[in-house]
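>>> Fold the following.
(4 chains)
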Protein chains: 2
Amino acid sequence: MVSDSSSKRLTIYDLARLAETSPSTVSAVLNGTWQRRRISKKLASKILSLAQSEGYSANMQARALRRERSGIIGMILPLYDNRYFSSIAQHFESEARRRGLFAIVSCTNRDPKQECEAARMMLAYRVECLVCTGATDPDTIAQMCAESGVQSLNLDLPGSKAPSVISNNREGARQLTHAILNRLAEEKRSDDPVLFIGGRDGDHNTRERIAGFKQAREEVGLATAEENILPCDYAADKAQAALETYMCKRSTLPSAMFVNSTISLEGIVRGLQLNGYYLDDIIFGCFDWDPLAAAFHPRLMMVRQNVIEMIDRVFELIDTPPQDPHLLIEVQPDIMGV
Amino acid sequence: MVSDSSSKRLTIYDLARLAETSPSTVSAVLNGTWQRRRISKKLASKILSLAQSEGYSANMQARALRRERSGIIGMILPLYDNRYFSSIAQHFESEARRRGLFAIVSCTNRDPKQECEAARMMLAYRVECLVCTGATDPDTIAQMCAESGVQSLNLDLPGSKAPSVISNNREGARQLTHAILNRLAEEKRSDDPVLFIGGRDGDHNTRERIAGFKQAREEVGLATAEENILPCDYAADKAQAALETYMCKRSTLPSAMFVNSTISLEGIVRGLQLNGYYLDDIIFGCFDWDPLAAAFHPRLMMVRQNVIEMIDRVFELIDTPPQDPHLLIEVQPDIMGV
DNA sequence: CGAGCATGCACAATCGGTTGTGCATGGCAT
DNA sequence: ATGCCATGCACAACCGATTGTGCATGCTCG
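As a prediction, the model looks like this:
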């Protein structure tokens, strides 16, 4: 460490002075274009070892400004409060890193205003692409990106103004429902009602899951009463309250429930415990995955969305941007615990 | 939208042309320094409305370059796989946003190499401050930051080269242990052994929690056998295996367990279910918080670390950087479910 | 021996804001 | 009429990297 003690960071100009050469040469060496620029190997290695020993680190802002490429890729996410979104963030990050991109992730609490604000910030930082995960209003953001000439993609929930990668919710729900019905059949309780609870009515994924639920029942010759479908929002408290209300009208607990998320499951389980019900009697299917929950309940089947494949698809779309904004890629989730 | 259809983003130069004024004036108006620069109100509002209608968004890279301040604040995190780290990320982000800073969070999988690499990237993006959460090697990163003249802080796990904000692990563990022992006493099983399981032996937090565990037992006149302390690492599989091994030597399950994290709890619960044990008989204390797990088990007490206060303390340290790198701030966690 | 080419590097413009400084204009007091 | 100050804005340097271009040197070949 020979550098002067001034607190300023080292620049290519400093390195040029130290190596007795020009800044442009230093730049070429440090960003790997030196062979193309016919810098001698000797000078190159001198500069490289100098950069090493002095702890040089390129100023990404300056680079981004000049290159007109930030090297940043953005994602907006509702929350980190479940395994699904957490692992989306994590895989997004590591896949970005693998490609030499820097990932920035912003939580927007399922709030359209925060979504917009986050998107605006990301565009200000000149992200090269923006992935909107589970956005309540994906099209507004897609519009903003389009106006800035930035590619955008939807993940988890589809939009109409940018290509989307989502789970095959209908098929996942169909399979989960069949798994539930099979369990019921094994126990000779095929005709018991199954309660579908959680999620948002207007939400694309919830609609699809309800459709898959009904379809599976139809396939084994069962009709589905509308009173057994309760899209009461995702929040734990909402689910708990909805179940209370449901139970007011009848004496006996449903033998099985299709719960639309782990956060809803939390409310359900809490409510049942509070009322002294024995949980293990109930067959649960949850469209979400949480290994700790799975460990606790012996008859809890869960849908694990294929996050790795979804993220892979996202990056494929980033590599070769499709022209059709309506493109919808559906990834098959796995059923755990059957 | 009068702007030309060229895909290039609008700059202050474009706005200056449109408003028939100079770039410096546009800049002053847009960053709020126009009064100080005696720009007329009339011209200012003209420029502002133009910027609005044309959808101007400042290039943060250019701003950061000139101002020599990125407006970015970084955090490195082991994982997002539990509620604790997730909420740390979330609160960090919203608190940063409240202060006009842009938060970037990077997961490093408890891997010192990845930690370094992430820190290097963050420094390259000229973060104004770096918070190292649960870092396996916080001092190396603190060193890197110091060399770049960037402030750094440790969170969750302390370091010796930068101020640290952590939970009061010993006191939290002491209280949790007392809660466990009280439950045992209520059931007239005060003398039953309690198993401490999970965590890393070398890890500061684990050491403190073990100390708190022993101290609580001592306070009620109980000795602690070393064979009942199993810091087998955090991973679920490790905990599951450690419990198997422990059980090989004895016939009966411990009446109560102090589990060092939800991830360890996952392995324990899975192992017990596999072996057909009835979970509800066991009193669990877990040094971690997960509302879904809490809903499932009626006798699971959990330590909820006070993330909000911890993040507040972190930002206080950012606002007024202390000179002493050994400063250690301990925040009291809450015991849930007693 | 001179043309021609390869080699090895330096110069300078540029990316888009920020900010110290300077200049023209007009009003007011002397 | 002259000096002085406030007003309102423009100029230009600068942040640190990137990159098109140009120039000096040395070597080869006819």
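>>> so what's the backbone phi/psi at residue A:257?
Main-chain torsions, residue A:257, degrees, to the nearest 10: phi -140, psi 140.
>>> Can you tell me, leaving aside adjacent residues, what's nearest to it?
Leaving aside its sequence neighbours, residue A:257 sits nearest to residue A:195 (CB to CB, 6 or more residues apart in numbering or on different chains; 4.7 Å). (Each C-beta comes from the backbone N, C-alpha and C, glycine too.)
>>> check which helix or strand covers that neighbour.
strand A:194-197 (DSSP states H and E).
>>> Describe which strands that strand pairs with in its sheet and in which direction.
strand A:229-230 (parallel), strand A:256-259 (parallel) (DSSP bridges).
>>> The residue nearest to residue A:257 against residue A:228, yeah?
Yes. If you go by CB atoms under 8 Å, residue A:195 and residue A:228 touch, sitting 5.3 Å apart.
>>> before we move on, the earlier item: OK, contacts around the residue nearest to residue A:257?
Residue A:195 is in contact with A:228, A:230, A:246, A:254, A:256-258, counting by CB atoms under 8 Å, 6 or more residues apart in numbering or on different chains.
>>> Most neighbours among those, which one?
Using other CB atoms under 10 Å in any protein chain shown as the neighbour test, these are led by residue A:258, with 29 neighbours.
>>> Contacts only, for it.
With CB under 8 Å, 6+ apart, residue A:258 has these contacts: A:173, A:176-177, A:180, A:194-197, A:209, A:213, A:285-287.
>>> So which of the strands paired with strand A:194-197 is nearest DNA strand D?
Set against DNA strand D and scored by CB to the nearest atom of the strand, the strands paired with strand A:194-197 come closest in strand A:256-259, at 50.7 Å.
>>> Pull the distance from that closest one to the chain's centre.
Mean-position distance between strand A:256-259 and its chain equals 24 Å (CA atoms, centre = their mean, to the nearest Å).
>>> quick one: is stretch A:138-148 near DNA strand C?
No. Legend: contact between stretch A:138-148 and DNA strand C by CB under 7 Å from any atom of the strand is lacking; minimum distance shown is 11.4 Å.
>>> Are that stretch and chain B in contact anywhere?
Yes. Stretch A:138-148 reaches chain B (CB under 8 Å from any CB of the partner chain) through A:147-148.
>>> buried set for that stretch?
By 16 or more other CB atoms under 10 Å in any protein chain shown, the buried positions in stretch A:138-148 come out as A:138, A:140-145, A:148.
>>> Tell me the one of those residues nearest residue A:99?
residue A:145 (19.4 Å; CB to CB).
>>> Is the closest residue to the closest one other than its chain neighbours in a helix, a strand, or coil?
Nearest residue to residue A:145, sequence neighbours excluded (CB to CB, 6+ apart): residue A:152, at 3.8 Å. Three-state call for residue A:152 (DSSP: H, G, I helix; E, B strand; the rest coil): strand.
>>> can you tell me which residues contact residue A:152?
By CB under 8 Å, 6+ apart, the neighbours of residue A:152 are A:129-132, A:141-142, A:145-146, A:162.
>>> Residues in a beta bridge with it, which ones?
residue A:130.
>>> Just the pLDDT for the spatially closest residue to residue A:256 that is not a sequence neighbour.
Of all residues not flanking residue A:256 in the chain, residue A:283 sits nearest, at 3.9 Å (CB to CB, 6+ apart). At residue A:283, the pLDDT value in this model is 97.
>>> now residue A:327
pLDDT, residue A:327: 97.
>>> now swap in the one 10 residues further on and tell me
The model reports residue A:337 with a pLDDT of 94.
>>> pretty sure it contacts residue A:296?
No. Assessed by CB under 8 Å, residue A:337 is found out of contact with residue A:296, at 11.7 Å.
>>> of the two, who's got more company?
When residue A:337 and residue A:296 are compared for neighbours, residue A:296 comes out ahead with 24 against 17, by other CB under 10 Å.
>>> any idea how far the more buried one is from chain B?
4 Å (CB to the nearest CB, to the nearest Å).
>>> For that residue, list the residues it contacts.
B:269, B:273, B:279, B:293, B:296-297.
>>> Most widely separated two among those?
Farthest pair in the contacts of residue A:296, by CB to CB: B:273 and B:293, 13.5 Å.
>>> of those two, who's got more company?
Legend: neighbour count by other CB under 10 Å for residue B:273 and residue B:293, higher for residue B:293 (25 against 16).
>>> Next, work out how far apart the more buried one and residue B:268 are.
Counting by CB to CB, to the nearest Å, the separation of residue B:293 from residue B:268 is 11 Å.
>>> next one: residue A:258
From residue A:258 to residue B:268 the distance is 28 Å (CB to CB).
>>> now swap in residue A:139 and tell me
Taking CB to CB, one finds residue A:139 at 46 Å from residue B:268.
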